[in-house]
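Asker: need coordinates for the following:
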Amino acid sequence: MIGNKLITKQTPKDGILVDKVMVAESVNIKRETYFSIVMERTFNGAAIVASPAGGMDIETVAEETPHLLKTVPVDIYEGVTDKIANEVAEFLEFKGPLKKKCAEEIKKLWQLFLKVDATQLEINPLVETDDGRVISVDAKINFDDHAKFRQEEIFALDDVSEMDPREREAASLNLVYIDMDGSIGCMVNGAGLAMATMDIITLNGGKPANFLDMGGGVGQSQVSAALRILESDPKVKTVFVNVFGGIVNCATIANGIISACKVKPPKHPLVIRLEGTNASEARKLLEESGLPLQIISDADEAAKTAVKLAQ
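Answerer: Next comes the predicted model:
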């Protein structure tokens, strides 16, 4: 495996180069189940999701055999009680002494979930072995980025070499970047507006090349870097900047764009929509810059223009 590329649903299309392999104890599995703890907005907290049909894609189980899926809300103050642990162990069809062992494993997993500030802990499979043990054979854990200050040892293990280079650079600048397969680069402030921007591009027949959220406290240098990141994507044919200035100062966005374009002239058409705080001043700065920019106030018209220019 070492030196070869691993390609799965979780990796980029080109895969990830394997440079290390974990060797674990071999387990003789008699039966597989599924167990996870996730932060669930529906319950404003954590929930257990379990299924006796383990070792397979849980989305398939939910779609084809929903009766084999159980969701149990967890009160954040009470945690996973003996009652909940036993109820889930019984649903997972552990019998006799194994039911108690499973319940104990579930309570330990809850403590781990809390200890490491997880947002998701997935055990697939949670197994019954032929010698009467209950073992978490495979685990995937997502950690809360906001808890990094408490989990420095865990975050130090993050192998940034596996990240997309643009995603890695964006993260170093406190920008949220997710690569996609379209041709319209999106530079937006706020996750909600970013999602809406991708929707309006799609509704007008285009495809977004990325999700890029600059956030509320973005500075001029970050704006310049964000534009540079989008311009470095070979898929991008047009860049659509869509900003509604609440906390964000639109003049900061404008100056960041101008600064980036003066250092390196843009390779692609730039469609810019700025509304909110100091939007008039920002539009004036852009208009007087002499740069070849499409400055459009209407969101739908701006999206249509970006789509047309990307064709």
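
Asker: surely residue 226 is in a strand?
Answerer: No - using DSSP: H, G, I helix; E, B strand; the rest coil, the secondary structure at residue 226 is helix, not a strand.

Asker: quick one: residue 30 and residue 129 touch, right?
Answerer: Yes - under the criterion of Cβ atoms under 8 Å, residue 30 is in contact with residue 129, at a separation of 5.9 Å. Quick note: C-beta positions are derived from backbone N, CA and C, even for glycine.

Asker: give me the pLDDT for residue 173.
Answerer: Among the per-residue scores, residue 173 holds a pLDDT of 88.

Asker: pretty sure it sits against residue 225.
Answerer: Yes - between residue 173 and residue 225 there is a contact under Cβ under 8 Å: 5.3 Å.

Asker: give me the more crowded residue out of these two.
Answerer: Between residue 173 and residue 225, counted using other Cβ atoms under 10 Å, the more crowded position is residue 225 (20 against 17).

Asker: is it true that the more buried one touches residue 169?
Answerer: Yes - in this structure, residue 225 sits in contact with residue 169. The criterion is Cβ under 8 Å, and the distance is 7.2 Å.

Asker: where do the helices of the stretch 151-300 of the chain begin and end?
Answerer: All helices of the stretch 151-300 of the chain, identified by DSSP state H, counting those that start in this stretch, fall at 152-155, 165-172, 191-203, 220-231, 250-263, 279-287, 299-310.

Asker: send the alpha carbons of the longest one over as CSV?
Answerer: Output of helix 250-263 as CSV, limited to C-alpha atoms (Å, rounded to 0.1, in the frame of the first residue of the first chain):
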residue,chain,number,x,y,z
CYS,A,250,-17.3,46.6,1.8
ALA,A,251,-14.4,49.1,1.3
THR,A,252,-12.1,46.5,2.8
ILE,A,253,-13.3,44.0,0.2
ALA,A,254,-12.8,46.5,-2.6
ASN,A,255,-9.3,47.4,-1.5
GLY,A,256,-8.3,43.8,-1.2
ILE,A,257,-9.5,43.1,-4.7
ILE,A,258,-7.7,46.2,-6.1
SER,A,259,-4.5,45.3,-4.3
ALA,A,260,-4.5,41.7,-5.6
CYS,A,261,-5.2,42.8,-9.2
LYS,A,262,-2.4,45.4,-9.1
VAL,A,263,0.1,42.7,-8.0
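
Asker: just checking, next helix/strand downstream of the strand or helix carrying residue 101?
Answerer: When elements are defined using DSSP states H and E, residue 101 is found to belong to helix 97-115. Once the chain leaves helix 97-115, the next helix or strand it forms, by DSSP H and E, is strand 118-129.
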